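Enquirer: Sequence and predicted structure are below.
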Amino acid sequence: MSTSILNIDDVSIYQQDEIILENINININKGDFIYLIGKTGSGKSSLIKTLYADLKLKKGLISVGGFKLKDLKEKKIPFLRRKLGIVFQDFNLLQDRSVFDNLKFVLEATEWNDKKKIKERINEVLEIVKIKDLIFKLPHQLSGGQKQKVAISRALLNSPDLIIADEPTGNLDPKTSLEIMNLLLELNKKGNTILMATHDFMMIKKYPHKTLLCNNKSINEIDITGMSIENIYE
């Protein structure tokens, strides 16, 4: 029997008083790899921000990582975010800290106190993404692909129920994009559940998985077989 990681039931999402998405229903099970696509401004980022409680849920029900987001108290938000691993397009690394200290900062912020366990966990996630040799480098010493691998290792630190990758290849060249994509697929094969927002149509054609389309304030599953970028939004 499949285990539900994310359930979205009859949700409408607002930016202030403007409705961005309406009547959304999505279910993601443990081990799924799902693409979220759509034009700029279609609501992808608004949905993602709602999932990690950066945008307040006003209508409908969302359950993610065991938390119900409707009326979630502010003091509970850090606990929710420990259940999610977020990978951002622009990496969001602390520029004045080494790779080790970037990851250490996250662990300490999520109440890891044992220095030995912190060091062990950092080494574990860097080994997973194969950048252990970069542990003491500063962000300005890293390539874009290396920075994104640090961001992915950061997302893995607390063994999240769901990894949300928001345009993870958006700032990378095609060769590096493939490398990051293969890393995410490898993580998925090892059991990680991944929701990936992307504009990279060629990538989803090359590595097909369940695909959700944000368009006209709705989100629906589509079959991209035989489709082109020109007709996908028709």
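Expert: Here it is on my side, so go on.
Enquirer: Using the record's assignment, carve this protein into domains.
Expert: Structural domains assigned to the chain are 1-83+161-234, 87-159, following automatic domain parsing.
Enquirer: what about the strands in this protein?
Expert: For the chain, applying DSSP state E gives strands covering 4-15, 18-29, 33-38, 59-64, 67-68, 84-87, 162-166, 194-197, 210-215, 218-222.
Enquirer: what about the closest residue to residue 192 other than its chain neighbours, distance to residue 113?
Expert: Excluding the flanking residues, the one nearest residue 192 by C-beta to C-beta, 6 or more residues apart in numbering is residue 163, at 5.6 Å. Where C-beta positions appear, they are placed from N, C-alpha and C, glycine not excepted. Here the distance between residue 163 and residue 113 works out to 25 Å (C-beta to C-beta, to the nearest Å).
Enquirer: So if I had to pick from those two, which one is more boxed in?
Expert: Taking other C-beta atoms under 10 Å, residue 163 and residue 113 do not tie; residue 163 has more neighbours (22 against 8).
Enquirer: Surely that one is in contact with residue 190?
Expert: No - look at residue 163 against residue 190 with C-beta atoms under 8 Å: they stay out of range, at 11.4 Å.
Enquirer: residues contacting the residue lying closest to residue 205 once chain neighbours are set aside?
Expert: Using C-beta to C-beta, 6+ apart and skipping the chain neighbours, the partner closest in space to residue 205 is residue 224 (6.6 Å). Contact partners of residue 224, counting by C-beta atoms under 8 Å, 6 or more residues apart in numbering, are 201, 204-205, 208, 211, 232.
Enquirer: can you map out the helices along the chain?
Expert: Taking DSSP state H to define them, one finds helices in the chain at 44-51, 77-82, 99-109, 115-128, 144-156, 174-189, 201-206.
Enquirer: where does the fifth one sit relative to the chain's centre, distance-wise?
Expert: Right, the one you point to is helix 144-156. Remark: helix 144-156 is offset 12 Å from the chain centroid, using C-alpha atoms, centre = their mean, to the nearest Å.
Enquirer: now the angle between helix 115-128 and it, please.
Expert: In this structure, helix 144-156 runs at an angle of 130 degrees to helix 115-128, with axes from the mean of the first three to the mean of the last three C-alpha atoms, to 10 degrees as the basis.
Enquirer: Next, find the distance separating residue 175 from residue 203.
Expert: In this view, residue 175 and residue 203 are 12 Å apart by C-beta to C-beta.
Enquirer: higher neighbour count, those two?
Expert: Counted by other C-beta under 10 Å, residue 175 and residue 203 do not tie: residue 203 has more neighbours, with 18 against 8.
Enquirer: and the residue nearest to the more buried one when sequence neighbours are not counted, how many neighbours?
Expert: Spatially, and ignoring its direct neighbours in sequence, residue 203 is nearest to residue 181 (5.8 Å; C-beta to C-beta, 6+ apart). Residues lying near residue 181 (other C-beta under 10 Å) number 21.
Enquirer: just residue 183 next, same as before
Expert: Residue 183: 19 surrounding residues under other C-beta under 10 Å.
Enquirer: confidence score at it?
Expert: Reading off the confidence values, residue 183 has pLDDT 94.
Enquirer: Give me the distance between the residue nearest in space to the middle of the chain and residue 45.
Expert: When the chain is reduced to its mean C-alpha position, the closest residue under C-alpha atoms, centre = their mean turns out to be residue 164, at 1.4 Å. Residue 164 sits at a distance of 11 Å from residue 45 (criterion: C-beta to C-beta).
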